[in-house]
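Novice: Starting from these lines, generate the structure:
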Amino acid sequence: MPKCPKCHKGIEYLDVNTTELIRATWDPADGFEIDDTWTEEEVWKCPECGEKLFEDQGEAEKFFEEDQDAQVPKVQ
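Specialist: Numbering: from 1, shown residues only. Prediction:
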């Protein structure tokens, strides 16, 4: 299990906050129609201490993958 680099507690998952943007059109007869959406910002946090650890999913995945690699015994 990886450990948070800030609080050093073992963590099995991360909390993520995202800022999503929506491009839409609006007219009085039909209201809103969503044309496009995208993620503006990601903040990946430790669920134990709430500290920001990463800014994208790739960094978060690498964090967990590196922990898995460290746990596999090396064959010599």
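
Novice: Tell me the pLDDT of the closest residue to residue 2 other than its chain neighbours.
Specialist: Distance criterion CB to CB, 6 or more residues apart in numbering; nearest residue to residue 2, sequence neighbours excluded, is residue 67 at 3.7 Å. C-beta here means a position set from N, CA and C on the backbone, and glycine is covered the same way. pLDDT recorded at residue 67 is 76.

Novice: Pull out the buried positions in the helix or strand harbouring residue 67.
Specialist: With secondary structure defined by DSSP states H and E, residue 67 is part of helix 57-71. Burial within helix 57-71, assessed by neighbour count using 16 or more other CB atoms under 10 Å, is assigned to 60, 63.

Novice: Other residues contacting that helix?
Specialist: 1, 2, 14, 16, 42, 44, 53, 54 (CB atoms under 8 Å, 6 or more residues apart in numbering).

Novice: For the buried ones among those residues, write the corresponding ChimeraX selection.
Specialist: The command below creates a ChimeraX selection of those among the contacts of helix 57-71 that count as buried (16+ other CB under 10 Å):
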select :2,14,44,53,54
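
Novice: Looking at the contacts of helix 57-71, which are in strands?
Specialist: Among these, the members found in strands (DSSP state E) are 16, 42, 44, 53, 54.

Novice: show me what contacts the second one?
Specialist: What that stands for is residue 42. Shown in contact with residue 42 (CB under 8 Å, 6+ apart): 16, 17, 18, 54, 55, 56, 57.

Novice: swap the cut-off to 10 Å and go again
Specialist: Counting by CB atoms under 10 Å, 6 or more residues apart in numbering, residue 42 touches 16, 17, 18, 19, 54, 55, 56, 57, 59, 60.

Novice: Ok, the first one next?
Specialist: Residue 16 makes contacts with 42, 43, 44, 45, 54, 56, 57, 60, as judged by CB under 10 Å, 6+ apart.

Novice: and if you look at residue 56?
Specialist: Going by CB under 10 Å, 6+ apart, residue 56 touches 16, 39, 41, 42, 43, 44, 62.
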